[in-house]
Structure formats: C-alpha cells, structure tokens
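Chemist: need the 3D shape of this:
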Amino acid sequence: MTSLRDAVERALQQRWPGASLDALRPLEGGRSGVTLIADVAGADLDRVVVKAAPEGRAAVGRHDVLRQARVIAALAGVDGVVVPEVVATGEDPVAFFAMTCSAGEAVEPVLDAAHVQLAPALVRDRAVAATQMLAALHRFEQVPPPPGATVEPVTDLADELRRWQTTADAADPTILVGGTTLAGLLAARLPADDLPPVLVHGDYRLGNIVFDGPRPTGLIDWEIWGRTHPGVDLGWLLVFCDPALFPGIGVPVAGLPSAEELLDLYWSHGGCRFEDVAWFAAFGRFKMAAIMAHNLRRHREGRHIDPFQEKLPPTIEQLVTTGIDMLRGR
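Modeler: A predicted model of the protein is given here:
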C-alpha cells in the first residue's frame with residue numbers, strides 16, 4: 001500500500017515535478033488530529049505541514065481534512081484574513097492535504113504563560129490583530145462546495161447548542177456540575193436577531209493563529225468551521241482572553257485587552273453588530289466546560305491518559321458558574 005509520505009510527495013510533484021519529501025514527523029505542539037511536518041527539496045517552499053485523516057477512521061466530521069482544505073483555499077487572498085496555502089491534496093492511503101508552514105509561533109497567552117512569556121506590548125498587538133482578522137473573516141459568507149455537492153448548510157443557534165449539549169451529555173455529571181442549568185438558561189433565551197450567517201472558524205483564539213512577532217501569518221485548525229452566527233466565534237475568543245476563567249491552569253497576562261476593548265475593536269473594524277453579547281459569552285463558557293469535562297472523563301476511564309486533565313475541575317466550575325451568573329444578570 002502507498003505510504004502517506006509517498007502519496008504527499010507525488011501530490012507535490014504535480015506542482016513541482018522535481019520535489020522530494022523527507023520523512024513525515026509529528027508537528028510539535030500539534031494536537032489537532034493527525035498533524036505532521038516534513039522538509040521539502042526541489043520546490044518553492046522548504047517544508048510542508050500535512051493534515052491527514054486517522055488510518056481506519058472515516059474522513060467525516062473533524063476528520064474530514066479535505067473539507068478543511070476547502071475552506072483554507074477559499075480564504076486565500078481574502079482581504080484581512082491570513083491562512084496557509086494549500087499546495088496538495090489526496091485521498092490515498094487516507095484523505096490528506098499539505099499546506100505551507102506559517103512562520104512564527106502559536107501561543108495561547110493565558111494558558112501557555114508557564115512556558116512562553118510574551119512582552120505586554122506583543123500580547124496586546126496580537127490580540128488586536130486577531131480581533132481585526134475575526135471581523136474580516138465574518139465578512140465572508142460562503143465557501144464554494146466541491147463538484148456535485150450542495151453549499152455548506154447553515155447551523156442555527158439551537159443546533160449549535162444541541163451540538164455541545166451532546167458533548168456535555170457524554171461527560172460525568174459529577175464533573176460538569178451545573179451544566180444542565182447553564183444549558184437550560186441558554187436554551188430559554190436564544191438570541192432572536194436575524195443576522196445573516198457568516199463563515200465561522202469554530203475554535204477562534206490566539207492559540208490557533210501563528211504569529212511572526214505581532215504579525216499574523218496563518219489562521220490554523222479549521223476542524224469545526226461552519227456557517228452560523230458570528231457571536232459563536234466572538235464569545236469563544238472572549239473566553240480565552242479572561243484569565244479568571246482558568247484557575248490553576250491559566251494566569252493573568254499583562255497587555256491582554258479586556259472583553260470590552262475586544263468588542264470595541266471587533267465592531268470598529270467592521271465586525272457584525274448584534275445584541276445579547278452575554279449569551280454568546282455564556283455559550284462559550286458552556287462549550288469549553290463541556291469539552292473539558294468530556295476530556296477529563298476520557299482520561300479517568302483510561303481512553304486517553306493525560307494527567308493534566310486532573311487540573312481542570314476548578315476551571316470547569318468557574319466556567320459554568322460565571323455563565324449562569326451572566327445569564328441571570330448577576
């Protein structure tokens with residue numbers, strides 16, 4: 001059977017006939033599916049990052065890497081949005097795509113401060129640039145479908161909530177205490193504005209943007225992109241910019257703008273204006289708590305051992321409690 005390395009090399013040779021590829025190796029820090037990197041010779045780039053569907057798993061959902069390649073390619077050249085260039089795709093031995101390796105680093109300031117200390121001015125510059133790019137992304141409404149397929153369906157907020165309720169339902173209720181209450185409050189006051197759907201990243205945060213100094217060089221990790229309300233992205237970004245939500249695993253970071261500043265930046269750069277920002281901030285908290293509680297359960301059941309997960313309960317509690325308080329107007 002063709003190896004993934006050979007398949008990627010042949011796909012690159014369709015563009016650069018003399019291209020050769022070194023061995024694929026795991027990308028350090030890459031936690032998003034199967035993410036590999038390799039050096040390249042004989043092409044107009046020195047290395048590629050390869051995203052591949054896991055062997056033996058259907059290329060659907062977050063494993064549908066060709067869907068990820070499609071949105072990245074659609075955004076190439078869009079004003080204000082910086083993404084890697086997709087340089088090759090294939091489906092044998094598994095679905096994969098290769099893209100340019102963005103220069104720089106991807107750092108989540110609040111959560112990575114123990115390992116990477118950034119100057120306050122740099123933290124602020126990156127947060128400002130990320131918020132500006134989010135506003136630009138939300139001016140983009142549609143990704144061309146593959147031949148013979150229909151356009152990407154719109155997911156309404158009720159469906160978004162149900163999606164993450166499913167994740168919450170898979171968590172241990174003794175870990176996700178109050179999760180049912182928060183989900184109920186979110187369902188009871190779904191925003192009623194009729195904004196047209198926009199392209200959302202789904203996991204939009206500083207840690208998913210590669211920066212070279214203050215300059216963004218690539219928005220990455222497009223596993224859960226879709227078409228829905230822009231507040232889904234904005235509320236998620238606000239969660240990761242609030243150190244108080246991550247007791248024991250996050251720390252205050254000098255230079256990080258407040259939620260109010262980020263909102264003003266987003267709107268002043270043409271971001272979609274909508275009401276009930278508190279709902280989306282609370283929804284981001286519910287989504288994060290559900291993911292963490294689900295991952296902690298998987299760790300405790302031995303399905304994915306990661307001792308770090310044992311540090312999450314105080315953060316899960318804080319996310320849920322503050323989300324409830326926001327929706328109850330406290």
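Chemist: can you report phi and psi for R25?
Modeler: In terms of degrees, to the nearest 10, the main-chain angles of R25 are phi -140, psi 150.
Chemist: flag the shaky bits of the chain, pLDDT-wise.
Modeler: Applying pLDDT under 70 to the chain flags residues 1, 29-32, 330.
Chemist: can you give me the helices in it?
Modeler: Here the chain has its helices, by DSSP state H, at 4-13, 65-75, 109-112, 120-137, 157-169, 179-188, 231-240, 259-268, 277-300, 313-327.
Chemist: return the set of buried residues in stretch 51-69.
Modeler: For stretch 51-69, burial by neighbour count (16 or more other C-beta atoms under 10 Å) applies to K51, A52, A53, A59, H63, D64, V65, L66, R67, Q68, A69. For glycine as for every other residue, the C-beta is placed from the backbone atoms N, C-alpha and C.
Chemist: which residues are in contact with that stretch?
Modeler: Here stretch 51-69 makes contact (C-beta atoms under 8 Å, 6 or more residues apart in numbering) with 4, 32-36, 86, 89, 91, 93-97, 99, 146, 222-225.
Chemist: ok so, going back, tabulate the helices of the chain (JSON lines), appending distance to V210.
Modeler: Shown next, in JSON lines, are those (distance: least, C-beta to C-beta, whole Å):
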{"stretch": "helix 4-13", "distance to V210": "21"}
{"stretch": "helix 65-75", "distance to V210": "13"}
{"stretch": "helix 109-112", "distance to V210": "14"}
{"stretch": "helix 120-137", "distance to V210": "11"}
{"stretch": "helix 157-169", "distance to V210": "26"}
{"stretch": "helix 179-188", "distance to V210": "32"}
{"stretch": "helix 231-240", "distance to V210": "16"}
{"stretch": "helix 259-268", "distance to V210": "20"}
{"stretch": "helix 277-300", "distance to V210": "22"}
{"stretch": "helix 313-327", "distance to V210": "25"}
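Chemist: which of those is buried the deepest?
Modeler: With neighbours defined as mean count of other C-beta atoms under 10 Å, the helices of the chain peak in mean count at helix 231-240, which reaches a mean of 24.
Chemist: so how far is that one from its chain's centroid?
Modeler: Relative to its chain's centre, helix 231-240 lies at 11 Å (C-alpha atoms, centre = their mean, to the nearest Å).
Chemist: tell me how many other residues crowd H269.
Modeler: Neighbour count for H269, taken as other C-beta atoms under 10 Å: 16.
Chemist: could you tell me which residues make contact with it?
Modeler: For H269, the contact set (C-beta under 8 Å, 6+ apart) comprises T131, Q132, A135, A136.
Chemist: how about the third one: what's its closest non-neighbour residue?
Modeler: Leaving aside its sequence neighbours, A135 sits nearest to G271 (C-beta to C-beta, 6 or more residues apart in numbering; 3.6 Å).
Chemist: hmm, back to that, and the buried ones among the contacts of stretch 51-69, selectable in ChimeraX?
Modeler: The buried subset of these, as determined by 16+ other C-beta under 10 Å, is captured in ChimeraX by this line:
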select :4,32,33,34,35,36,86,89,94,95,96,97,99,222,223,225
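Chemist: still on that earlier bit, the residue nearest to A135: what's it in contact with?
Modeler: Neighbours of G271 in contact, by C-beta under 8 Å, 6+ apart: T131, L134, A135, H138, P230, L234.
Chemist: how close does it sit to A98?
Modeler: Distance of G271 to A98, computed by C-beta to C-beta, to the nearest Å: 32 Å.
Chemist: please tell me I have it right and V81 contacts L75.
Modeler: Yes. Here V81 reaches L75: they are 5.1 Å apart, a contact under C-beta atoms under 8 Å.
Chemist: hey, what's in contact with both of those two?
Modeler: Common neighbours of V81 and L75, counting by C-beta under 8 Å, 6+ apart, are L137, F140, L219.
Chemist: can you list the domain ranges for the protein.
Modeler: Annotated domains of the chain cover 4-100, 109-327 [automatic domain parsing].
Chemist: what sits against the closest residue to V82 other than its chain neighbours?
Modeler: The spatial neighbour of V82 that comes closest, neighbours along the chain excluded (C-beta to C-beta, 6+ apart), is P216 at 4.9 Å. Contact partners of P216, counting by C-beta under 8 Å, 6+ apart, are V82, R126, A129, A130, M133, I209, V210.
Chemist: got it, and V107?
Modeler: V107 makes contacts with V116, L118, L206, G207, F211, as judged by C-beta under 8 Å, 6+ apart.
Chemist: from P26, how far off is I209?
Modeler: I209 is 21 Å from P26, by C-beta to C-beta.
Chemist: and the two? Which one has more around it.
Modeler: Using other C-beta under 10 Å as the criterion, I209 and P26 rank with I209 on top: 26 against 10.
Chemist: D203: how many residues sit nearby?
Modeler: Neighbour tally, D203, other C-beta under 10 Å: 20.
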